[in-house]
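Asker: Would you be able to build a 3D model of this:
(chains A, B, C and D)
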2 protein chains.
Amino acid sequence: MLTERQRGVLEFIQCEQREKGMTPSTREIQHHFGFASQTSVMQYIDALERKGFLDRHARKARALITPVQKVRITDIPIYGQIPAGMATLTEQTIEGHVSLDTRSVNASKNGRTFALRVRGDSMIDAHILDGDIVILEDRKDVQNGDIVAALIDGETTLKRYVTEHGRPYLKAENPQYPNLVPARELRIQGVMVSLVRKQMTVQRRKRS
Amino acid sequence: MLTERQRGVLEFIQCEQREKGMTPSTREIQHHFGFASQTSVMQYIDALERKGFLDRHARKARALITPVQKVRITDIPIYGQIPAGMATLTEQTIEGHVSLDTRSVNASKNGRTFALRVRGDSMIDAHILDGDIVILEDRKDVQNGDIVAALIDGETTLKRYVTEHGRPYLKAENPQYPNLVPARELRIQGVMVSLVRKQMTVQRRKRS
DNA sequence: CACCTTAATGTTCAGTTGAACATATTACGC
DNA sequence: GCGTAATATGTTCAACTGAACATTAAGGTG
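Answerer: Next comes the predicted model:
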């Protein structure tokens, strides 16, 4: 699809953007490759745009846009332990952020995406561990069998949502934990769409 | 820390960068806020830089750098099934990309980071499932107990690296799989630092 | 009131930047 | 050898851009 030189130019642009935080100007590209004229650069940029490897804002400085950057990177807030309902999911309870592109997660456009740090091993049989970051989506359509974050007795827990005989309850994926049958209402805060785990290596485990 | 107006300017810059893919020029900021002069904008940028909310490359166009963007987002290539050694980890075998910031992963600066899609359930007791994306780092210091991608008999497998009586072998985290004791050499391709899982929701599972 | 910080104005300037022009070279298939 | 596409050159231009200058205005504090 791309000639060798064209790929070189594209790589340089992407590399510069990553390192410097901005796309290089035509002159900078020119000097990096030792061209004697900007027109050479313009030709490459034209070709790259024509082939869809690049976007640009015409007549703006440093206005190249590599598709890599265009990938919607969602900055997902991680909430720690949540004492009460969604009302308290404010900035103060934010523990950190995960940034990943939308395709990595199953996230849809509509619906708020957020993340929770898992406490405890109640979902261990679903292979969700203590310390894992679970990415959830505020969705309406909760299905039987989905893993959800739900508010029960003023506390948020991660459980599997199961309906039996038309009545929903929350099932822990660990035989040591009881199922939770809601007394009155069951408030689903989010449906699990993805999971991120930081693997503890040996030396890291020793430190902590 | 910031005056109300200063925060407004910062928010505008960050917002523009996210939507347009590039930081606005002083004129663009000026017109957005209705200032009659760029100098007002310059003052805000000076203040924001002084207070550490902004970085800039002096005398370059659109060279503002917001700390948000400065978060190192590593674009990690995902390799599918790898037939042979690292030599074949070329672009052709790339299955896709995950983008996440460096803090989400345990990635260090040195060392190449890459990702593998897990096939099979040989690591199920380490809670790594079929289809999970494992993020690995090309590192020298492999520790006893680390989970590694290793090349054995011309195939790459994900196993736990265990040394016993000074001799290393590869342990599957599933009793149905045998341990692999290397006949000659054991080539470690990467140490697992992180894991990303796309949770299959019920309707998605039906589709696939 | 004096004093200070923050905010805004109007203007000028040198350097940067994307774009266009016509032309030349190289490589490759036929 | 001929045609085509990719690659490269030299130059010019209008527009854009960050920066600096000297001044002014508003708001709060003592």
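Asker: Just list the residues touching the residue sitting furthest away from the middle of chain A, thanks.
Answerer: Residue farthest from the centre of chain A, counting by CA atoms, centre = their mean, is A:Ala36 at 42.8 Å. Contacts for A:Ala36 were tallied using CB atoms under 8 Å, 6 or more residues apart in numbering or on different chains; they are A:Gln30. The C-beta positions use only the backbone N, C-alpha and C, and glycine is treated the same way.
Asker: Just want the angle from the lengthiest strand in chain A to strand B:187-198.
Answerer: Ranked by number of residues, the top strand in chain A under DSSP state E is strand A:187-198. Interaxial angle of strand A:187-198 relative to strand B:187-198 (axes from the mean of the first three to the mean of the last three CA atoms, to 10 degrees): 170 degrees.
Asker: Flag the shaky bits of chain A, pLDDT-wise.
Answerer: A:68-76, A:80-111, A:153-154, A:201-208 (pLDDT under 70).
Asker: Tell me which stretches of it form helices.
Answerer: A:4-20, A:26-33, A:38-50, A:67-70, A:202-207 (DSSP state H).
Asker: buried stuff in the longest one?
Answerer: Judged by neighbour count (16 or more other CB atoms under 10 Å in any protein chain shown), helix A:4-20 contains these buried residues: A:6, A:9-10, A:12-14, A:16-17.
Asker: Remind me what it packs against, helices and strands.
Answerer: Identification of packing neighbours for helix A:4-20 by 3 or more CB pairs under 8 Å, 6 or more residues apart in numbering or on different chains; DSSP states H and E yields helix A:26-33, helix A:38-50.
Asker: what about it, near DNA strand C?
Answerer: No - figure legend: helix A:4-20 not in contact with DNA strand C (CB under 7 Å from any atom of the strand); closest approach 10.4 Å.
Asker: circling back to that earlier point, of the helices and strands packed on helix A:4-20, which is nearest B:Asp121?
Answerer: helix A:38-50 (42.5 Å; CB to CB).
Asker: How about residues contacting the closest one?
Answerer: A:2, A:5-6, A:9-10, A:26-27, A:29-30, A:33, A:35, A:54-56, A:64.
Asker: quick check: angle from that helix to helix A:4-20?
Answerer: 90 degrees.
Asker: gap between helix A:38-50 and the chain center?
Answerer: Relative to its chain's centre, helix A:38-50 lies at 33 Å (CA atoms, centre = their mean, to the nearest Å).
Asker: Going by neighbour count, which residues in it are buried?
Answerer: Buried, per 16+ other CB under 10 Å, within helix A:38-50: A:40-41, A:44-45, A:47-48.
Asker: And the furthest pair within those?
Answerer: A:Ser40 and A:Leu48 (12.8 Å).
Asker: if we can go back for a sec, list only those of the contacts of helix A:38-50 flagged as buried.
Answerer: Burial by neighbour count, 16+ other CB under 10 Å: within these this picks out A:6, A:9-10, A:26, A:29-30, A:35, A:54, A:56, A:64.
Asker: Close to DNA strand C: what parts of chain A are there?
Answerer: So far as CB under 7 Å from any atom of the strand goes, chain A lies against DNA strand C at A:25-28, A:37-39, A:42, A:45, A:56, A:58-64.
Asker: Touching, A:Val191 and A:Gly145? I think so.
Answerer: No - contact between A:Val191 and A:Gly145 fails when scored by CB atoms under 8 Å: they sit 10.7 Å apart.
Asker: Which one's more surrounded, the two?
Answerer: Taking other CB atoms under 10 Å in any protein chain shown, A:Val191 and A:Gly145 do not tie; A:Val191 has more neighbours (23 against 14).
Asker: Okay, that one and chain B: tell me how far apart.
Answerer: Relative to chain B, A:Val191 is positioned 7 Å away (CB to the nearest CB, to the nearest Å).
Asker: Quickly list what that residue is bridged to.
Answerer: A:Glu137, A:Val148 (DSSP bridges).
Asker: next one: the one 4 residues further on
Answerer: Taking DSSP bridges as the rule, A:Leu195 bridges to A:Val134, B:Arg197.
Asker: ok, it - how many residues close by?
Answerer: 25.
Asker: which of the buried residues of helix A:4-20 lies closest to B:Tyr79?
Answerer: A:Gln14 (19.4 Å).
Asker: what angle sits between the longest strand of chain A and strand B:133-137?
Answerer: Per the same axes, to 10 degrees, the angle that strand A:187-198 makes with strand B:133-137 is 30 degrees.
Asker: Just send the helices and strands packed on helix A:4-20 back as JSON lines, with distance to B:Glu173 too.
Answerer: Formatted as JSON lines, the helices and strands packed on helix A:4-20 follow (distance: least, CB to CB, whole Å):
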{"stretch": "helix A:26-33", "distance to B:Glu173": "47"}
{"stretch": "helix A:38-50", "distance to B:Glu173": "45"}
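Asker: I'd like to know which of those lies nearest to DNA strand D.
Answerer: helix A:38-50 (3.3 Å; CB to the nearest atom of the strand).
Asker: how about that closest one against DNA strand D, any contact?
Answerer: Yes - judged by CB under 7 Å from any atom of the strand, helix A:38-50 comes into contact with DNA strand D at A:38-40, A:43-44, A:47.
Asker: Next, format these as CSV and append distance to A:Arg160.
Answerer: CSV is the format used below for those (distance: CB to CB, whole Å):
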residue, distance to A:Arg160
A:Gln38, 60
A:Thr39, 62
A:Ser40, 59
A:Gln43, 57
A:Tyr44, 53
A:Ala47, 52
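Asker: thinking A:Val118 is in contact with A:Gly131, fair?
Answerer: Yes - counting by CB under 8 Å, A:Val118 touches A:Gly131, with 6.6 Å between them.
Asker: Check the gap between A:Pro24 and chain B for me.
Answerer: A:Pro24 is 10 Å from chain B, by CB to the nearest CB.
Asker: check contacts around that residue.
Answerer: A:12-13, A:16-17, A:32, A:62, A:64.
Asker: same thing but 6 Å
Answerer: A:Glu16 (CB atoms under 6 Å, 6 or more residues apart in numbering or on different chains).
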